[in-house]
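In: Structure for the following, please:
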Amino acid sequence: MSELFVSTREIQLYYADTDMMGVIYHANYLKFFELGRGGFLEDLGYSYMEMENQGYFAPVYDIQATYKKPLRYGDKAFVKTWVELNDGLKTTYGYTVENGEGDVCAQGTSTHIIVSKETFKPKSFKKSFPEWFQKYEEIKKKN
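Out: You can find the predicted model right below:
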């Protein structure tokens, strides 16, 4: 059995990402989660484009974020991503956004389902992508 796999991506913070208080605007963290999830898939050799080419989408079913410490323009920042839950229907990714000192600035999760591109009806991840599902089972967080 494999250990928890965590993917890390550096985040480029732009001045345009800040709010009137001079900190990174809260909605940008959802983009950081997306960056992390895309990098996570890339690190494992999978892609959403591959999924879409096979007739499926993976929309967000639920998303949660908790803000711990502000990031500011000029800070170094990183997003870490892993599989929190993988039950065959839903996959939940876990995230932390950290500054250059390793402080957690935000943490959260996004839960995704698989749907048919044609009907948008939910499909089983386990049945539609058995190899991908099994890989997630091997590397997901053990509770």
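
In: buried stuff in stretch 117-136?
Out: Neighbour counts over stretch 117-136 (16 or more other C-beta atoms under 10 Å) mark 123, 125-126, 128-129, 132-133, 135-136 as buried. All C-beta spots, glycine's among them, are computed from the backbone N, C-alpha and C.

In: Which of the residues you listed sits closest to residue 101?
Out: Checking those against residue 101 by C-beta to C-beta gives residue 136 as the nearest, at 30.8 Å.

In: Now, the buried residues of stretch 117-136 that are in strands?
Out: Of the buried residues of stretch 117-136, the ones assigned to strands by DSSP state E are residue 123.

In: which outside residues touch the longest helix anywhere in the chain?
Out: Once the chain is assigned using DSSP state H, the helix that runs over the most residues is helix 28-44. Helix 28-44 has contacts (C-beta atoms under 8 Å, 6 or more residues apart in numbering) with 5, 7-9, 11, 17, 47-48, 63, 65, 67, 77, 79-82, 93, 95, 97, 106, 108, 110, 135, 139.

In: Please, a PyMOL command that selects the buried ones among those?
Out: A single PyMOL command suffices to select whichever of these are buried according to 16+ other C-beta under 10 Å:
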select buried, resi 5+7+9+11+17+65+67+77+79+80+81+82+93+95+97+106+108+110+135+139
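
In: Columns pLDDT and distance to residue 32 on top of the buried residues of stretch 117-136, output as CSV?
Out: Formatted as CSV, the buried residues of stretch 117-136 follow (pLDDT from 0 to 100; distance: C-beta to C-beta, whole Å):
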residue, pLDDT, distance to residue 32
123, 97, 28
125, 96, 24
126, 96, 28
128, 96, 28
129, 96, 25
132, 95, 23
133, 96, 26
135, 96, 24
136, 96, 21
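
In: Select from the buried residues of stretch 117-136 every entry located in helices.
Out: Judged by DSSP H, the buried residues of stretch 117-136 include 125-126, 128, 132-133, 135-136 as members of helices.

In: so which of those residues would you say is closest to residue 54?
Out: Taking C-beta to C-beta as the measure, residue 54 lies nearest residue 128 of these, at 7.8 Å.

In: correct me, but that closest one touches residue 50?
Out: No: contact criterion C-beta atoms under 8 Å: residue 128 and residue 50 do not qualify, at 11.8 Å.

In: Many thanks, have a good one.
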